[in-house]
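Peer 1: Mind folding the following:
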Amino acid sequence: VQLVESGGGLVQPGGSLRLSCAASGFPFSRSDMSWYRQGPGKERELVATISSPRNNENYADFVKGRFTISRDNARNTVYLQMNSLKPEDTAVYYCHTLYGPSRRDEWGQGTQVIVSS
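Peer 2: Residues are numbered from 1 along each chain as shown. Below is the predicted model of the structure:
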């Protein structure tokens, strides 16, 4: 299993970023996918999940209306569109899935997002 995030960077408050997670090594189209984040000095927290096969989306309250999770099964990629970014969105963002009969946690290496003026 491999999850490779990209798209992080430095953005001003109110700005936008789109994160991508390229997946391989497992049946992506049949897997629920999630984005988590871990801010400085904070615990890792769930940001958004997209299910398979219905593509149901669920969001943490702190990102509702600002972030959108989506997936492209043809490209084995999940995205996180982040709009109206706030300084408190500063974190390392991780792609996540549960793999196999044991539902083992699989994580990407993370991509840093810094929201600052």
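
Peer 1: Now name the helix or strand holding the residue positioned nearest the centre of the chain.
Peer 2: Nearest residue to the geometric centre of the chain (CA atoms, centre = their mean): residue 35, 2.7 Å. If you go by DSSP states H and E, residue 35 is part of strand 33-38.

Peer 1: For the helix or strand just after that strand, buried residues please.
Peer 2: Once the chain leaves strand 33-38, the next helix or strand it forms, by DSSP H and E, is strand 45-50. Residues 47-50 are the ones in strand 45-50 that count as buried (16 or more other CB atoms under 10 Å). C-betas here are computed from N, CA, C, even on glycine.

Peer 1: which among these gets closest to residue 113?
Peer 2: Closest approach to residue 113 among these (CB to CB): residue 47, at 10.7 Å.

Peer 1: didn't the closest one look like it was pressed against residue 60?
Peer 2: Yes: at 5.6 Å, residue 47 and residue 60 qualify as touching, with contact defined as CB atoms under 8 Å.

Peer 1: in the strand holding residue 35, what counts as buried?
Peer 2: Using 16+ other CB under 10 Å as the test for burial, strand 33-38 gives 33-37.

Peer 1: cool, and stretch 76-95?
Peer 2: By neighbour count on 16+ other CB under 10 Å, the buried set for stretch 76-95 is 76-80, 82, 85, 89-95.

Peer 1: which two in those residues are spaced the farthest apart?
Peer 2: For the buried residues of stretch 76-95, the maximum inter-member distance is 28.2 Å, found between 76 and 90 (CB to CB).

Peer 1: what residues are up against the closest residue in space to residue 39 that isn't next to it in sequence?
Peer 2: Leaving aside its chain neighbours, residue 39 sits nearest to residue 91 (4.1 Å; criterion: CB to CB, 6 or more residues apart in numbering). Going by CB atoms under 8 Å, 6 or more residues apart in numbering, residue 91 touches 37-40, 42, 112-113.

Peer 1: what do you get if the cut-off is 10 Å, keeping everything else the same?
Peer 2: Going by CB atoms under 10 Å, 6 or more residues apart in numbering, residue 91 touches 8, 36-40, 42, 44-45, 47, 110-115.
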